[in-house]
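>>> Got a sequence here, can you model it:
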Amino acid sequence: MGAEILEFHFTDAREGKSFRDHKVSLTPHEVKELIDEMKLIDCLKGEQLKNQLKLN
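Modelled structure (predicted):
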């Protein structure tokens with residue numbers, strides 16, 4: 001479910017750089033945030049195998 005590969009542009013800093021790719025590139029801090037969010041998504045998806053709950 002979802003993407004298997006994520007492609008993005010990376011820059012060490014946007015300040016002082018005029019080339020257009022730097023405007024849409026992720027900084028090191030943003031890459032870390034992206035990875036943290038991707039890990040959270042995996043956790044929220046739960047296990048691949050789903051089972052019925054047994055009711056008492």
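
>>> show me where this protein has helices.
Read by DSSP state H, the chain holds these helices, from start to end of the chain: 20-23, 28-45.

>>> Mean neighbour count and distance to Leu53 for those - can I get that in JSON lines?
All C-beta spots, glycine's among them, are computed from the backbone N, C-alpha and C. Formatted as JSON lines, the helices of the chain follow (neighbours: other Cβ atoms under 10 Å; distance: least, Cβ to Cβ, whole Å):
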{"stretch": "helix 20-23", "mean neighbour count": "12", "distance to Leu53": "49"}
{"stretch": "helix 28-45", "mean neighbour count": "10", "distance to Leu53": "18"}
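
>>> how about those helices in TSV, adding mean pLDDT and distance to Leu55?
Compiled in TSV, those are given as follows (pLDDT from 0 to 100; distance: least, Cβ to Cβ, whole Å):
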stretch	mean pLDDT	distance to Leu55
helix 20-23	78	55
helix 28-45	89	24
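
>>> Would you reformat the ones you listed as JSON lines and include distance to Glu4?
Converted to JSON lines, these look like this (distance: least, Cβ to Cβ, whole Å):
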{"stretch": "helix 20-23", "distance to Glu4": "24"}
{"stretch": "helix 28-45", "distance to Glu4": "12"}
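
>>> List just the one of those that sits closest to Phe8.
In terms of Cβ to Cβ, the element of the helices of the chain nearest to Phe8 is helix 28-45, at 7.6 Å.

>>> Distance from the chain centre to that closest one, please.
5 Å (Cα atoms, centre = their mean, to the nearest Å).

>>> Quick check: the gap between Lys39 and Lys45.
Lys39 sits 11 Å away from Lys45, going by Cβ to Cβ, to the nearest Å.
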